[in-house]
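In: 3D model of this:
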Amino acid sequence: MSGHSKWATIKHKKGAADAKRGKIFSRIAKEITIVVKHGGGDPGNNPSLRTLLQKAKSVDMPNDNIDRAVKKGTGELQAETYEEVSYEGYAAGGIGVVVKALTDNKNRAASEIRNIFKKNNSDFAAQGSVSRNFERKGTVLVAREGRDEDALMEVVLNAGADDMASDDNGFEITCAPAAYNDVCAALEKAGIPAVSSECGLKPTSTTNITDAAVAKAVLKFVSMLEDNDDVQDVYHNMDVDDSIADQME
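Out: Numbers count the residues shown, from 1 in each chain. So this is what the prediction gives:
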């Protein structure tokens, strides 16, 4: 997402995210188990696993949780069988929403997620009608305080980043998925902490929202989706105007 919506959403959701740490760890563990099943438990030979380990590190996921997830993937521990499914539609203000889920029961997941859409005056859109406006990218946010912009740019561009945007809050670094691990490693080596780090979907264009009520409605919808146990990630193309960011609390 764009810098404005990224930082405003983080500010709005930080407390909620702290309260949901167990659920966040569970979601990452699911993904780790799946990528280990498909590509093995050695991060040196499994780029998808390396990416997830970066994600786990960014949320301070305990090593014991990570180890259990890896062992489930290698078969050392018993694991459930999950399928990847996605849903898409529109939120208030015509905001596009893409939902990625991992579930052991596709019918249950579809029913529960559709119900959340309907509670928010929406319904599923045809597959591809929303997601075609998103692309997979690595995104890292770095706080502005005490940071030299030129030095930061040199670090990330040398590591393979595509671009770095900035605003009053900090810097948004974007890169191709293949460069994500290198960019994260370069930041860590330089002693530069990330506020947020992920490799996921990023909208190719955004919709600017200047109405606080609409922004709140979209974030309520996203929060309800994220509370569902089958949902892994929710992506949207809302760009929140700075002038209403404080009203979203």
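In: neighbouring contacts of the lengthiest helix in the chain?
Out: As assigned by DSSP state H, the longest helix anywhere in the chain is helix 21-39. Contacting residues not belonging to helix 21-39 are listed as 17, 45-49, 52-53, 55-56, 59, 61-62, 65-66, 68-70, 72-74, 79, 82, 84, 102, 229, 232 [CB atoms under 8 Å, 6 or more residues apart in numbering]. Heads up, the C-betas are built off the backbone N, CA and C, glycines and all.
In: Can you give me the domain assignment for this structure?
Out: 3-74, 88-127+207-248, 133-203 (automatic domain parsing).
In: pLDDT (mean, whole number) over the lengthiest strand in the chain?
Out: Taking DSSP state E as the criterion, the chain has its longest strand at strand 134-143. For strand 134-143, mean pLDDT is 92.
In: Can you pull the phi/psi pair for T207?
Out: phi -110, psi 120 (degrees, to the nearest 10).
In: scratch that, V195 is what I was asking about
Out: Dihedral angles (degrees, to the nearest 10) for V195: phi -70, psi -40.
In: Any idea how many residues pack against the residue nearest to it when sequence neighbours are not counted?
Out: Once flanking residues are discounted, V195 sits nearest to L141: 4.4 Å by CB to CB, 6 or more residues apart in numbering. By the criterion of other CB atoms under 10 Å, L141 has 19 neighbours.
In: Make sure L141 is actually in contact with E172.
Out: Yes. Here L141 lies in contact with E172, judged by CB atoms under 8 Å, at a distance of 5.7 Å.
In: any idea how far G191 is from the nearest residue to A143 once chain neighbours are set aside?
Out: Using CB to CB, 6+ apart and skipping the chain neighbours, the partner closest in space to A143 is G170 (4.5 Å). Counting by CB to CB, to the nearest Å, the gap from G170 to G191 is 16 Å.
In: Between these two, tell me which one has more neighbours.
Out: G170 (22 against 6).
In: Touching, the more buried one and G146? I think so.
Out: No. Here G170 lies out of contact with G146, judged by CB under 8 Å, at a distance of 10.8 Å.
In: Would you map the helices across the protein?
Out: 3-19, 21-39, 47-58, 63-74, 106-119, 149-158, 180-189, 212-226, 242-245.
In: the bottom helix or strand of this protein by mean pLDDT?
Out: The weakest-scoring helix or strand in the chain, judged by mean pLDDT, DSSP states H and E, is helix 3-19 (a mean of 50).
In: show me where pLDDT drops low in this structure?
Out: By pLDDT under 70, the low-scoring segments of the chain are 1-19, 242, 245-249.
In: Tell me how far the residue of it positioned farthest from its centre lies from D64.
Out: Farthest-out residue of the chain from its mean C-alpha position, per CA atoms, centre = their mean: E76, at 28.6 Å. The gap separating E76 from D64 is 14 Å, by CB to CB.
In: before we move on, what about L52?
Out: 16 Å.
In: show me what contacts G44?
Out: R50.
In: correct me, but M238 touches I95?
Out: Yes. The pair M238 / I95 is scored as a contact, 4.6 Å apart, by CB under 8 Å.
In: residues shared between the contacts of those two?
Out: Common neighbours of M238 and I95 (CB under 8 Å, 6+ apart) are T207, I209, V218.
In: Restricted to buried residues, select those in PyMOL.
Out: The PyMOL selection below is limited to those of those classed as buried (16 or more other CB atoms under 10 Å):
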select buried, resi 207+209+218
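In: Closest to A186 out of the shared contacts of M238 and I95?
Out: Closest to A186 out of those is T207 (32.6 Å), distances taken as CB to CB.
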